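K.L.:
whatever this is, show me its structure:
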Amino acid sequence: MERVVFLDRDGTLNEEVHYLHRTSDLKILPGVPEALRMLREAGYRLVVVTNQAGVARGYYGEEDVRNLHVYMNHILEGQGASIDAFYYCPHHPEHGTGPYKKECRCRKPGTGMFEAAAQRFEVDKPHSFMIGDKLLDVEAGNNYGLTTILVGTGYGSGIRGQEEKEGTSPVYDYYAEDLVKAAQWIIEKGQAD
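P.N.:
Alright, predicted model coming up:
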């Protein structure tokens, strides 16, 4: 069995850019290479799962998504922080065009991308995690039976602030200000298991 950290992409690994698809617009968030390197050194597989509705909407193509992932991994590899696999959902149930307009299992909060990863990695769910900056990411991780972490990068800090204001209980297992703090918590938790 393999311990896997599933990661959202936009707002978690890189700055949130409206429908990011150009390599020139990619900006890796501070601390991300360090956090990924820490997780790799602790024995975790790193898998990105990302909704890419821009494909469904016709803003860019699947080839753009794949090229961006190759480019991103090239940058991360140079810092000892490569991603083991990237999975993306190009569909949208309402705003898609042509074959991309459909209900699917892969779009988060669905679990299709996790299931696709499980074809390649023997996921040890009790010791695996989902990290993202949106409740959709957390919900997808919960649906797949993973421990979930909301990070305060991207949209995460706003969600956390709203919960505190309303006094509502979080639906995730842990809140981390950034990916480094999330990685530290995962590694500490792993050592305690």
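
K.L.:
by mean pLDDT, flag the weakest helix or strand of the protein.
P.N.:
helix 156-166 (a mean of 82; mean pLDDT, DSSP states H and E).

K.L.:
neighbouring contacts of that helix?
P.N.:
11, 132-135, 150, 152, 169-170, 175, 177 (Cβ atoms under 8 Å, 6 or more residues apart in numbering). All C-beta atoms are positioned from the backbone trio N, CA, C, and that covers glycine.

K.L.:
of those residues, which pair is most distant in space?
P.N.:
G11 and S169 (22.6 Å; Cβ to Cβ).

K.L.:
between these two, which is the more surrounded one?
P.N.:
G11 (20 against 6; other Cβ atoms under 10 Å).

K.L.:
got any ranges where this structure has weak pLDDT?
P.N.:
Along the chain, the parts satisfying pLDDT under 70 run over 193.

K.L.:
biggest strand in it, by residue count?
P.N.:
strand 45-51 (DSSP state E).

K.L.:
helix or strand next in line after it, which one?
P.N.:
helix 53-56 (DSSP states H and E).

K.L.:
show me what that next one is packed up against.
P.N.:
Other helices and strands packing on helix 53-56, by 3 or more Cβ pairs under 8 Å, 6 or more residues apart in numbering; DSSP states H and E, are helix 62-77.

K.L.:
show me what whatever helix or strand comes next after the helix it packs on packs onto, helices and strands only.
P.N.:
As assigned by DSSP H and E, the chain's next helix or strand after helix 62-77 is strand 85-89. Other helices and strands packing on strand 85-89, by 3+ Cβ pairs under 8 Å, 6+ apart, are strand 45-51, helix 62-77, helix 112-120.
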